[in-house]
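In: Sequence unavailable; structure follows:
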């Protein structure tokens, strides 16, 4: 029988859970913002009518629960052409500069279910750059990457995605890039062709390529200051000289030591260019 009351997790219990989860699953969550982790794990306790002991037992003994907890802790909300004016800024301030490169490599870090990656691919197609581009979409969470690879999204979401697309300054129709099937839409093969989705942990993994463009939007807000600085260094070392770094609306390089190696391209949308 489900418990009638739920446990309210303390920060000490949170640390014990993070340590246990790391040992059992191999995923290090120690650099995540404690307040964010506490809120998300509390949500799991509330939904599952668990106390902390139940949670620890499930982490230790039920492999599928490890995946479930990972999803609850790390999945970030995303949509196609989210923040349309950000894509307008890429079109106007970033991609014209990148036209000078014979080959282009893009990294979308923390890509979740892939909508941002496909948005970037569509933008590159419209700018005539996609045939010489390759996009890497990475996330710590294997489940969301499976969704990204399938490139199938509920048709009910496409209306808002189309509104975003139109607001970004594109003059075509988003329907040119997907095929509707019953209650779903699948992104067309020509959009998917130059994309690779793979698992990567920003907290523990290292440089895996050299890029002209890196985006990591609305992910770093869930990290503590120390891990944010570590990831900023990872991005710096992964960028070619004069490459671009794009962060989320509440994420910034300003007031960080590493800012001396960048210049601001667009302050509103936190777009930076590596200068040394």
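Out: Cool, got the structure. Here the structure is a predicted model, which is why all the values come from computation and not from measurement. Numbering: from 1, shown residues only.
In: hmm, who's touching stretch 177-192?
Out: Outside stretch 177-192, the residues within contact range by Cβ atoms under 8 Å, 6 or more residues apart in numbering are 118, 121, 122, 125, 150, 151, 152, 153, 154, 155, 156, 158. All C-beta atoms are positioned from the backbone trio N, CA, C, and that covers glycine.
In: Where does the last one sit, in terms of helix or strand?
Out: This points to residue 158. According to DSSP states H and E, residue 158 maps onto helix 155-167.
In: so what does that helix touch, helix or strand wise?
Out: helix 84-89, helix 115-126, strand 178-181, strand 184-187 (3 or more Cβ pairs under 8 Å, 6 or more residues apart in numbering; DSSP states H and E).
In: how far does the first one sit from the chain's center?
Out: Per Cα atoms, centre = their mean, to the nearest Å, the displacement of helix 84-89 from the mean C-alpha position of its chain is 17 Å.
In: One more: the last one?
Out: The gap between where strand 184-187 is centred and where its chain is centred comes out at 20 Å by Cα atoms, centre = their mean.
In: Check the longest one too.
Out: If you compare the mean C-alpha spot of helix 115-126 with that of the full chain, they lie 15 Å apart, counting by Cα atoms, centre = their mean.
In: Can you pull out the low-pLDDT segments for the chain?
Out: Where the chain drops to pLDDT under 70, the residues are 1-7, 75.
In: residues touching the residue nearest to the spatial centre of it, list them.
Out: The chain has residue 110 as the residue nearest its centroid, 2.4 Å off, counting by Cα atoms, centre = their mean. Listed by Cβ under 8 Å, 6+ apart, the contact set of residue 110 reads 76, 138, 139, 140, 202, 216, 217, 218, 219.
In: out of those residues, who has the most neighbours?
Out: residue 139 (26 neighbours; other Cβ atoms under 10 Å).
In: who's it bridged to?
Out: Note on residue 139: beta-bridge partners by DSSP bridges are residue 199.
In: Please report how far it lies from residue 113.
Out: Going from residue 139 to residue 113 by Cβ to Cβ, to the nearest Å gives 9 Å.
In: Fine by me, we can end here.
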